[in-house]
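A.B. asks: Test case, fold it:
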Amino acid sequence: MEDVLEVCHEPHDPRFPLVCMDESNKQLVGEVHEPIPMAPGRARIEDHEYVRNGVAAIFMEVEPLGGRRHVEITERRTRVDWAWFIRGMLDERYPDAIKVRLVMDNLNTHSVASLYESFPPEAALRLARRLEIHYTPKHGSWLNVAEIELSVLQSQCLDRRIPDIGSKPRGTSMWRSALTISLPIR
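C.D. replies: Below is the predicted model of the structure:
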(Lines give C-alpha, C1' and ligand atoms only; values in the text may rest on other atoms or scores of the structure.)
Protein backbone atom coordinates (compact mmCIF):
# COMPACT_ATOMS: atom_id res chain seq x y z
CA MET A 1 0.00 0.00 0.00
CA GLU A 2 2.87 2.35 0.77
CA ASP A 3 4.12 2.02 -2.82
CA VAL A 4 0.80 3.22 -4.27
CA LEU A 5 0.50 6.03 -1.71
CA GLU A 6 4.03 7.23 -2.50
CA VAL A 7 3.49 7.33 -6.26
CA CYS A 8 0.18 9.17 -5.74
CA HIS A 9 1.99 11.87 -3.74
CA GLU A 10 4.46 12.58 -6.54
CA PRO A 11 3.91 16.00 -8.20
CA HIS A 12 2.21 16.09 -11.59
CA ASP A 13 4.69 15.65 -14.45
CA PRO A 14 3.33 15.18 -18.01
CA ARG A 15 6.53 13.32 -18.93
CA PHE A 16 5.74 10.76 -16.18
CA PRO A 17 1.93 10.83 -15.82
CA LEU A 18 0.21 8.92 -13.05
CA VAL A 19 -2.54 6.83 -14.68
CA CYS A 20 -4.96 4.61 -12.79
CA MET A 21 -6.47 1.71 -14.74
CA ASP A 22 -9.27 -0.70 -13.95
CA GLU A 23 -11.80 -2.83 -15.73
CA SER A 24 -15.29 -4.07 -15.11
CA ASN A 25 -18.03 -5.81 -17.04
CA LYS A 26 -21.66 -5.21 -17.90
CA GLN A 27 -24.18 -7.92 -18.59
CA LEU A 28 -25.99 -7.15 -21.85
CA VAL A 29 -29.72 -7.65 -21.42
CA GLY A 30 -32.40 -7.25 -24.07
CA GLU A 31 -36.17 -7.01 -23.81
CA VAL A 32 -38.46 -9.94 -24.62
CA HIS A 33 -41.50 -7.64 -24.76
CA GLU A 34 -41.36 -3.96 -25.64
CA PRO A 35 -41.74 -1.80 -22.49
CA ILE A 36 -44.92 0.22 -22.14
CA PRO A 37 -43.94 3.91 -22.17
CA MET A 38 -44.58 6.24 -19.27
CA ALA A 39 -47.93 8.05 -19.33
CA PRO A 40 -49.57 10.65 -17.10
CA GLY A 41 -50.03 9.07 -13.68
CA ARG A 42 -48.18 5.86 -14.65
CA ALA A 43 -44.51 4.92 -14.66
CA ARG A 44 -42.87 3.04 -17.52
CA ILE A 45 -43.66 -0.67 -17.33
CA GLU A 46 -40.95 -3.22 -18.07
CA ASP A 47 -41.50 -6.95 -18.17
CA HIS A 48 -39.35 -9.00 -15.78
CA GLU A 49 -38.54 -11.46 -18.56
CA TYR A 50 -35.36 -10.63 -20.50
CA VAL A 51 -32.86 -12.02 -22.99
CA ARG A 52 -29.23 -12.36 -21.94
CA ASN A 53 -26.96 -11.16 -24.75
CA GLY A 54 -23.56 -11.85 -23.21
CA VAL A 55 -21.18 -9.56 -21.38
CA ALA A 56 -19.17 -6.49 -22.39
CA ALA A 57 -15.82 -5.57 -20.83
CA ILE A 58 -15.24 -1.96 -19.77
CA PHE A 59 -11.64 -0.69 -19.60
CA MET A 60 -11.07 2.65 -17.88
CA GLU A 61 -7.99 4.79 -17.40
CA VAL A 62 -7.92 7.95 -15.31
CA GLU A 63 -5.14 10.48 -14.93
CA PRO A 64 -6.31 12.22 -11.74
CA LEU A 65 -3.64 14.93 -11.68
CA GLY A 66 -4.00 15.67 -15.41
CA GLY A 67 -7.80 15.64 -15.39
CA ARG A 68 -8.16 13.02 -18.13
CA ARG A 69 -10.11 9.79 -18.43
CA HIS A 70 -10.67 7.29 -21.20
CA VAL A 71 -13.06 4.33 -21.55
CA GLU A 72 -13.11 1.48 -24.04
CA ILE A 73 -15.68 -1.28 -24.37
CA THR A 74 -14.70 -4.69 -25.75
CA GLU A 75 -16.40 -8.02 -26.19
CA ARG A 76 -13.88 -9.84 -24.00
CA ARG A 77 -11.52 -9.26 -21.10
CA THR A 78 -8.42 -11.24 -22.03
CA ARG A 79 -4.66 -10.68 -21.88
CA VAL A 80 -4.75 -9.57 -25.51
CA ASP A 81 -7.54 -7.05 -24.86
CA TRP A 82 -5.58 -5.59 -21.94
CA ALA A 83 -2.39 -5.42 -24.03
CA TRP A 84 -4.16 -3.54 -26.85
CA PHE A 85 -5.68 -1.13 -24.33
CA ILE A 86 -2.22 -0.45 -22.88
CA ARG A 87 -0.73 -0.02 -26.35
CA GLY A 88 -3.42 2.55 -27.18
CA MET A 89 -2.73 4.34 -23.91
CA LEU A 90 1.01 4.56 -24.54
CA ASP A 91 1.03 5.19 -28.30
CA GLU A 92 -2.11 7.29 -28.77
CA ARG A 93 -3.10 8.96 -25.51
CA TYR A 94 0.39 9.42 -23.97
CA PRO A 95 2.78 9.40 -26.94
CA ASP A 96 5.05 12.07 -25.44
CA ALA A 97 5.32 10.48 -21.99
CA ILE A 98 8.73 9.04 -21.18
CA LYS A 99 7.18 6.57 -18.75
CA VAL A 100 3.62 6.09 -17.53
CA ARG A 101 3.27 5.36 -13.80
CA LEU A 102 0.41 2.87 -13.95
CA VAL A 103 -1.66 2.02 -10.86
CA MET A 104 -3.88 -1.06 -11.21
CA ASP A 105 -4.95 -4.22 -9.44
CA ASN A 106 -3.02 -7.44 -9.71
CA LEU A 107 -5.41 -9.28 -12.05
CA ASN A 108 -3.77 -12.16 -13.92
CA THR A 109 -4.11 -10.32 -17.26
CA HIS A 110 -2.40 -7.15 -15.94
CA SER A 111 1.22 -7.99 -16.61
CA VAL A 112 4.06 -7.33 -19.01
CA ALA A 113 3.71 -10.99 -20.07
CA SER A 114 0.42 -10.01 -21.74
CA LEU A 115 2.32 -7.58 -23.97
CA TYR A 116 4.68 -10.37 -25.08
CA GLU A 117 1.73 -12.68 -25.71
CA SER A 118 0.07 -10.07 -27.94
CA PHE A 119 2.88 -8.35 -29.85
CA PRO A 120 6.24 -9.19 -31.41
CA PRO A 121 9.09 -9.11 -28.83
CA GLU A 122 10.47 -5.77 -30.04
CA ALA A 123 7.09 -4.04 -29.75
CA ALA A 124 6.37 -5.64 -26.36
CA LEU A 125 9.75 -4.55 -25.01
CA ARG A 126 9.24 -0.99 -26.29
CA LEU A 127 5.88 -0.80 -24.50
CA ALA A 128 7.13 -2.49 -21.31
CA ARG A 129 10.00 -0.01 -21.00
CA ARG A 130 7.49 2.85 -20.96
CA LEU A 131 5.54 1.40 -18.01
CA GLU A 132 6.25 1.77 -14.31
CA ILE A 133 3.67 -0.56 -12.76
CA HIS A 134 2.32 -0.11 -9.22
CA TYR A 135 -0.14 -2.78 -8.08
CA THR A 136 -2.80 -2.02 -5.49
CA PRO A 137 -2.71 -4.46 -2.57
CA LYS A 138 -5.37 -7.12 -2.11
CA HIS A 139 -8.50 -5.41 -0.71
CA GLY A 140 -6.87 -2.06 -1.50
CA SER A 141 -8.68 -1.22 -4.73
CA TRP A 142 -10.03 1.93 -3.05
CA LEU A 143 -6.56 3.38 -3.77
CA ASN A 144 -7.32 3.23 -7.51
CA VAL A 145 -9.19 6.30 -8.81
CA ALA A 146 -10.26 4.34 -11.92
CA GLU A 147 -12.27 1.98 -9.72
CA ILE A 148 -14.12 4.95 -8.24
CA GLU A 149 -14.83 6.32 -11.73
CA LEU A 150 -16.12 2.91 -12.85
CA SER A 151 -18.47 2.89 -9.87
CA VAL A 152 -19.84 6.30 -10.92
CA LEU A 153 -20.29 5.09 -14.50
CA GLN A 154 -22.12 1.99 -13.27
CA SER A 155 -24.49 3.93 -11.00
CA GLN A 156 -25.18 6.88 -13.32
CA CYS A 157 -25.27 5.25 -16.74
CA LEU A 158 -25.18 1.47 -16.69
CA ASP A 159 -27.83 0.73 -14.06
CA ARG A 160 -30.41 -0.22 -16.70
CA ARG A 161 -30.87 -2.82 -19.41
CA ILE A 162 -28.50 -2.45 -22.34
CA PRO A 163 -29.04 -4.99 -25.15
CA ASP A 164 -25.68 -4.80 -26.95
CA ILE A 165 -22.31 -3.03 -27.10
CA GLY A 166 -23.50 -0.58 -29.76
CA SER A 167 -26.46 0.70 -27.73
CA LYS A 168 -26.16 4.03 -25.95
CA PRO A 169 -28.12 4.00 -22.72
CA ARG A 170 -30.18 7.08 -21.83
CA GLY A 171 -28.23 9.68 -19.92
CA THR A 172 -24.77 8.63 -21.04
CA SER A 173 -24.23 11.33 -23.66
CA MET A 174 -23.11 13.90 -21.11
CA TRP A 175 -20.97 11.33 -19.28
CA ARG A 176 -19.42 10.18 -22.58
CA SER A 177 -18.52 13.74 -23.54
CA ALA A 178 -16.86 14.13 -20.15
CA LEU A 179 -14.87 10.99 -20.92
CA THR A 180 -13.50 12.28 -24.19
CA ILE A 181 -12.45 15.77 -23.16
CA SER A 182 -10.00 16.81 -20.51
CA LEU A 183 -11.82 17.99 -17.42
CA PRO A 184 -10.32 18.77 -14.05
CA ILE A 185 -11.14 16.02 -11.57
CA ARG A 186 -11.20 17.50 -8.08
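
A.B. asks: I'd say Leu127 and Tyr94 touch.
C.D. replies: No - between Leu127 and Tyr94 there is no contact under Cβ atoms under 8 Å: 11.3 Å. For every residue, glycine as well, the C-beta is placed using N, CA and C.

A.B. asks: Could you list the buried residues of the helix or strand that contains Phe59?
C.D. replies: Following DSSP states H and E, one finds Phe59 within strand 50-63. Neighbour counts over strand 50-63 (16 or more other Cβ atoms under 10 Å) mark Asn53, Ala56, Ala57, Ile58, Phe59, Met60, Glu61, Val62, Glu63 as buried.

A.B. asks: Tell me the one of the residues you listed nearest Lys26?
C.D. replies: Ranked by distance to Lys26 (Cβ to Cβ), the buried residues of strand 50-63 are led by Ala56 at 5.0 Å.

A.B. asks: Name the residues linked to that closest one by a beta bridge.
C.D. replies: Assessed by DSSP bridges, Ala56 has beta-bridge partners Lys26.

A.B. asks: Distance from the chain centre to whichever helix in the chain runs longest, please.
C.D. replies: Taking DSSP state H as the criterion, the chain has its longest helix at helix 145-156. Distance of helix 145-156 from the chain centroid (Cα atoms, centre = their mean, to the nearest Å) equals 9 Å.

A.B. asks: now do stretch 26-33
C.D. replies: Its chain's C-alpha centre and that of stretch 26-33 lie 22 Å apart, by Cα atoms, centre = their mean.

A.B. asks: For the helix or strand harbouring Glu23, enumerate the helices and strands it packs against.
C.D. replies: Using DSSP H and E, Glu23 falls within strand 18-31. Judged by 3 or more Cβ pairs under 8 Å, 6 or more residues apart in numbering; DSSP states H and E, the packing partners of strand 18-31 are strand 50-63, strand 100-104, helix 145-156.

A.B. asks: Kindly calculate the angle that the second one makes with strand 50-63.
C.D. replies: Angle between the axes of strand 100-104 and strand 50-63 is 140 degrees (criterion: axes from the mean of the first three to the mean of the last three Cα atoms, to 10 degrees).

A.B. asks: Can you point out the buried residues in the helix or strand just after strand 100-104?
C.D. replies: Using DSSP H and E, the helix or strand that directly follows strand 100-104 along the chain is helix 112-118. Within helix 112-118, the residues that count as buried by 16+ other Cβ under 10 Å are Val112, Ser114, Leu115, Tyr116, Ser118.
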